[in-house]
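**Student:** Provided below for reference: sequence and predicted model.
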Amino acid sequence: DTKTLRDLAQRAVVAAVDQGGGVVGADDLTQSLATTTELEAALKLARKVDELDPLADTHSVNVADYAVEIGRGLGFAGLDLVQLRLAGLLHDVGKVGLAPDVDRDSSEYQSHPGVGERYALLSAGPDVGAAIRHHHERWDGAGFPDALEGEDIPINARILAVADAWDRWSTGPPDQQLPIDEIVERLREESGAWFDHSVVEAALELLDGS
C-alpha cells in the first residue's frame with residue numbers, strides 16, 4: 001500500500017544518508033527498520049546465538065540470505081522480502097540460554113520457536129513472529145511446535161525451513177559440509193514430506209545456477 005511504500009522509501013533515504021550516499025542494500029534497509037529497543041535487542045540476541053553455534057557463526061545471516069533469494073524466486077518483493085529477511089535473522093533467537101549440544105528431541109529444544117515468536121511479536125510484528133514459531137513444522141505434519149501441515153504452515157515459515165536446512169548442510173567444518181549435488185538430492189527427497197514442493201523448486205533453481 002502507498003503508506004508502506006512511502007515509509008520504506010523514507011527509511012531507505014535515512015539509511016543512504018547514514019552510510020554517506022550510494023545504493024542502499026537489503027541489510028541496510030533491514031537494520032533501518034530496527035527503530036525500537038525491542039528489535040535492536042532481539043537482533044543482538046540472535047547474533048549472540050550465532051556466536052555460540054558449533055557449525056557456523058553466520059548461520060542466521062546465511063538463512064536470511066537464502067530465504068530472500070527463495071522468496072524472490074516465488075515472486076516476493078518489497079516489504080514481504082524485508083519481513084522474510086527479518087524472520088531469517090531472528091529465526092533462532094529463541095535458543096538464547098540453550099546449550100549448543102541440547103538434544104533436538106527434547107521439550108527444551110522444541111520450545112525455542114515459541115520463545116523466538118515472543119521475542120519477535122513486539123519487535124517485528126505478528127507475520128515475522130509466525131514465521132519464527134513455525135519454521136520447524138513439516139509439510140507432512142510431523143514437525144513442531146504445533147504439528148501444522150501443508151498450507152496451514154505460513155509461507156515464510158516454509159521458506160525458512162528450506163533455507164535453514166540448506167545452510168546446515170552446506171556450512172560448518174569442511175568434513176561435515178555436503179557437496180551441492182547431495183544437498184539437491186536431500187531437498188528432492190524431502191519435497192512433499194519435510195518441505196513444501198514449491199519452495200524446494202525455487203531453491204533448486206538457485207542451486208542449479210550456483
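**Tutor:** That came through fine. Numbering: from 1, shown residues only.
**Student:** what kind of secondary structure is the residue lying closest to residue 51 once chain neighbours are set aside in?
**Tutor:** Nearest residue to residue 51 in three dimensions, chain neighbours excluded: residue 57, at 5.4 Å (C-beta to C-beta, 6 or more residues apart in numbering). In this view, the C-beta of every residue, glycine as well, is placed from N, C-alpha and C. Classification of residue 57 using DSSP: H, G, I helix; E, B strand; the rest coil returns coil.
**Student:** pLDDT at residue 57, what is it?
**Tutor:** Note on residue 57: pLDDT of 78.
**Student:** Might one say that it is in contact with residue 49?
**Tutor:** No - counting by C-beta atoms under 8 Å, residue 57 stays clear of residue 49, with 9.6 Å between them.
**Student:** Between those two, tell me which one has more neighbours.
**Tutor:** Between residue 57 and residue 49, counted using other C-beta atoms under 10 Å, residue 49 has the larger neighbour count: 23 against 14.
**Student:** Doesn't that one belong to a helix?
**Tutor:** Yes - under three-state DSSP, residue 49 falls within a helix.
**Student:** Any regions of the protein where pLDDT drops low?
**Tutor:** Within the chain, the segments meeting pLDDT under 70 span 1-38, 54-56, 209-210.
**Student:** can we see that at 90?
**Tutor:** The chain contains residues with pLDDT under 90 at 1-58, 77-80, 82, 96-102, 119-125, 171-177, 207-210.
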